[in-house]
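Participant: below is the sequence, then the predicted model.
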Amino acid sequence: MTKKDLIKKALEAQKMAYVPYSEFPVGAALLTRSGKVYTGCNIENASFGATNCAERTAIFKAISEGEKKFDTIAIVGDPKAFTSPCGICRQVLVEFGLDTTVILAKSPEEYQEFTMEEILPLSFTPKDLENKGGTA
Ligand code: THU
């Protein structure tokens, strides 16, 4: 799976977005370390807070099918700008690794690449819960 192909999958998923309120469709394609791809779109709701972002749709699909090791996620939104994952999606992604590559794409030809560590520095991760109980 090349980066271009992963972006194409995100663009396909974007077409499925349910966005009657924002009219801002987002697509994501998540490549697992085992080579599978899980796609997602944003799914809005009349009760706005119930909206699910494209990234989390893809991640939850993968997790619910037993995949926890992620290589790369490609995200497409506005074709004229790089759509960056929201804070909630960053937190959900970082749970599964600081080294996941995040591709923000306008098209298969025009994209930027980061690591999770770069886009969510000083993050709170499972490592922070290693010493439970609140005592030294
Ligand atoms: N959205 C995503 O799906 N992913 C992002 O990275 C940013 C925002 C969605 C949520 C909402 O449906 C719409 O974009 C506008 O905020």
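Facilitator: It's in.

Participant: what segments of this protein are strands?
Facilitator: 27-32, 37-41, 70-76, 101-105, 111-115 (DSSP state E).

Participant: between these, which gets nearest to Pro126?
Facilitator: Distance to Pro126, taken as CB to CB, is lowest for strand 70-76 among these, at 14.4 Å. Glycine gets a C-beta too; all of them are placed from N, C-alpha and C.

Participant: ok, Gly87 - how many residues close by?
Facilitator: 8 (other CB atoms under 10 Å).

Participant: surely Ala13 touches Val37?
Facilitator: No. With contacts counted by CB atoms under 8 Å, Ala13 stays clear of Val37, the gap being 9.7 Å.

Participant: find residues that contact each of these two.
Facilitator: Ala29 (CB atoms under 8 Å, 6 or more residues apart in numbering).

Participant: among the two, which residue is more densely surrounded?
Facilitator: Neighbours were tallied for Ala13 and for Val37 using other CB under 10 Å; the higher tally belongs to Ala13 (26 against 19).

Participant: tell me the contacts of that one?
Facilitator: 27-29, 39-41, 54, 58 are the contacts of Ala13 under CB under 8 Å, 6+ apart.

Participant: of these, closest to Lys69?
Facilitator: Using CB to CB, Ala58 is the member of the contacts of Ala13 that sits closest to Lys69, with 14.3 Å.

Participant: verify the stated contact: the closest one with Leu30.
Facilitator: Yes. In this structure Ala58 lies within contact range of Leu30 using CB under 8 Å: 4.3 Å.
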